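*Asks:* what follows is a predicted protein model with its sequence.
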Amino acid sequence: EAYCESGLTLVLGVDSVCRKEDRACSVQGLGGTGTNHETMLKEAGFEVREYRYWNKKTFNIDFVGLLEDLEDAPAKSVILLHGCAHNPTGCDPTKEQWQQIAEIIQRRHLFPFFDLAYQGFASGDLDEDAWSIRYFADTLNLELFVAQSFSKNLGLYSDRIGQLIACFHFPETVPIFLSQITLVVSRNYLTPPQHGAEIVSTVLNTEELYQEWILDVRRMYSRIQTIRQKLYTRLNELGTPGTWTHIITQTGMFAFTGLNPQQCRTLVHEHHCYIPSNGRVNMCAITKENVDHVAESVHQVIVTLHRLSRHSSELSAIVMQNCQ
């Protein structure tokens with residue numbers, strides 16, 4: 001219970017209206033999964049539809065497309081949102097954009113379900129990174145779920161430590177929800193790990209440790225931002241084709257580089273820069289010792305493939321000319 005209460009405070013804040021009115025609760029759960037949201041939800045029997053989010057031309061949110069898809073979602077649909085530090089794109093809505101998203105969700109009677117796995121890594125401020133959730137829950141009094149994980153910001157991957165937070169319109173709903181979710185927990189994993197919960201509870205409920213952890217989170221955020229700047233600067237120094245501003249405007253652990261699958265494969269097999277085919281880079285894996293290697297490898301791959309592509313186009317033009 002001490003763990004759940006401290007996690008609830010971390011997300012909703014000490015001045016939360018939901019908490020003061022006893023309209024919020026939480027249950028301990030597992031911190032993250034080995035699969036993605038779509039696979040997990042389909043296995044659970046849900047119909048899954050995707051809304052537009054990433055604009056590969058601007059390296060930013062396709063906000064117009066996002067709003068259009070929310071408007072078209074059937075009433076009572078569950079809308080999965082990342083509270084901060086969006087994975088994989090690193091692109092978060094602004095506060096004004098969150099307000100527009102919330103307006104549609106409220107008007108269209110949709111149900112927001114937040115994934116909060118990187119609190120503190122988007123801005124370096126734990127409260128700021130929970131702004132969207134607090135706006136939905138307290139300012140608009142929307143019912144919602146939050147899947148919270150301490151795998152990243154407390155380094156507890158192996159302890160599988162997280163929790164499900166729920167906010168409701170009425171306090172009477174809380175015991176009804178808890179009675180049902182307890183059955184779900186019992187059928188799935190009965191009792192979650194105690195060790196991780198004890199660690200989180202001790203850190204969050206011991207003022208000295210809590211203040212130290214806040215500084216640790218800020219240091220991690222600062223290190224990620226420093227690496228982003230170093231990678232961006234080095235790519236520009238090399239004259240790497242393309243625009244790389246998105247490396248420093250995106251936030252959180254990940255950067256969506258815009259590299260295509262062929263470029264990613266070449267980075268893996270020829271330069272030992274291990275990156276998935278969608279171009280997502282874990283910025284935490286880049287250090288001051290290897291950032292130059294990463295930047296130079298990206299530069300070389302882009303320049304080489306660009307040259308080969310241009311040469312291929314020239315050959316095609318010559319062949320076409322001869323055929324004519």
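*Replies:* In hand now; what should we look at? For clarity, every value in this text was computed on a predicted model and none was experimentally measured.
*Asks:* quick one: residues contacting the closest residue to Tyr157 other than its chain neighbours.
*Replies:* Nearest non-adjacent residue to Tyr157, counting by Cβ to Cβ, 6 or more residues apart in numbering: Ser151, 4.6 Å away. Any C-beta I mention is one placed from the backbone N, CA and C, and that applies to glycine too. Ser151 makes contact with 31-32, 117, 157, 160-162, according to Cβ atoms under 8 Å, 6 or more residues apart in numbering.
*Asks:* and the pLDDT for Ser151?
*Replies:* The model reports Ser151 with a pLDDT of 93.
*Asks:* which of the helices and strands in the chain ranks last by mean pLDDT?
*Replies:* Across the helices and strands of the chain, mean pLDDT, DSSP states H and E gives its lowest value to helix 291-323, namely a mean of 73.
*Asks:* residues near Thr202, how many?
*Replies:* Neighbours of Thr202 under the rule other Cβ atoms under 10 Å: 14.
*Asks:* and the strands in the chain?
*Replies:* All strands of the chain, identified by DSSP state E, fall at 24-29, 54-55, 60-61, 78-82, 111-116, 144-149, 162-167, 254-256, 280-282.
*Asks:* save these as CSV, and put in mean neighbour count too.
*Replies:* Listed next are those as CSV, based on neighbours: other Cβ atoms under 10 Å:
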stretch, mean neighbour count
strand 24-29, 22
strand 54-55, 18
strand 60-61, 18
strand 78-82, 18
strand 111-116, 20
strand 144-149, 22
strand 162-167, 25
strand 254-256, 24
strand 280-282, 20
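*Asks:* closest one to Glu43 among those strands?
*Replies:* When the strands of the chain are compared by Cβ to Cβ, strand 78-82 sits nearest Glu43, at 15.0 Å.
*Asks:* and the angle from that closest one to strand 111-116?
*Replies:* On the basis of axes from the mean of the first three to the mean of the last three Cα atoms, to 10 degrees, strand 78-82 is oriented at 20 degrees to strand 111-116.
*Asks:* which residues touch Glu270?
*Replies:* Under the criterion of Cβ under 8 Å, 6+ apart, the neighbours of Glu270 are Val301.
*Asks:* do the one 10 residues further on as well
*Replies:* Contact criterion Cβ under 8 Å, 6+ apart gives 88, 254-257 as the residues in contact with Arg280.
*Asks:* and this protein, what are its domain boundaries?
*Replies:* 1-205, 217-323 (the TED database).
*Asks:* dump the ones you listed to a markdown table, plus distance to Gln211.
*Replies:* Output for the domains of the chain, formatted as a markdown table (distance: least, Cβ to Cβ, whole Å):
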| stretch | distance to Gln211 |
| --- | --- |
| domain 1-205 | 10 |
| domain 217-323 | 11 |
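*Asks:* mean pLDDT lowest where, among the ones you listed?
*Replies:* Per-stretch mean pLDDT for the domains of the chain is lowest at domain 217-323 (a mean of 89).
*Asks:* re the thing from before, can you put the contacts of Arg280 in a markdown table and add distance to Ala122?
*Replies:* Output for the contacts of Arg280, formatted as a markdown table (distance: Cβ to Cβ, whole Å):
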| residue | distance to Ala122 |
| --- | --- |
| Pro88 | 14 |
| Phe254 | 11 |
| Ala255 | 13 |
| Phe256 | 15 |
| Thr257 | 18 |
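*Asks:* where do the helices of the stretch 151-300 of the chain begin and end?
*Replies:* For the stretch 151-300 of the chain, applying DSSP state H, counting those that start in this stretch gives helices covering 173-188, 194-205, 207-238, 246-249, 261-271, 291-323.
*Asks:* tell me the gap between the shortest one and the middle of its chain.
*Replies:* For helix 246-249, the distance between its averaged C-alpha position and the chain's averaged C-alpha position is 15 Å (Cα atoms, centre = their mean, to the nearest Å).
*Asks:* what helices or strands is it leaning on?
*Replies:* Secondary-structure packing of helix 246-249 (3 or more Cβ pairs under 8 Å, 6 or more residues apart in numbering; DSSP states H and E): helix 207-238, strand 254-256.
*Asks:* out of the ones you listed, flag the one nearest Pro171.
*Replies:* helix 207-238 (27.8 Å).
*Asks:* which secondary structure elements does the closest one sit against?
*Replies:* Against helix 207-238 (3+ Cβ pairs under 8 Å, 6+ apart) you get helix 194-205, helix 246-249, helix 291-323.
*Asks:* the residue nearest to Glu5 when sequence neighbours are not counted and Thr206: what is the separation?
*Replies:* Excluding the flanking residues, the one nearest Glu5 by Cβ to Cβ, 6+ apart is Ser26, at 7.8 Å. According to Cβ to Cβ, to the nearest Å, Ser26 stands 20 Å off from Thr206.
*Asks:* one more: Lys95?
*Replies:* For Lys95, the distance to Thr206 - Cβ to Cβ - is 32 Å.
*Asks:* beta-bridge partners for the residue nearest to Glu5, please?
*Replies:* Ile165 (DSSP bridges).
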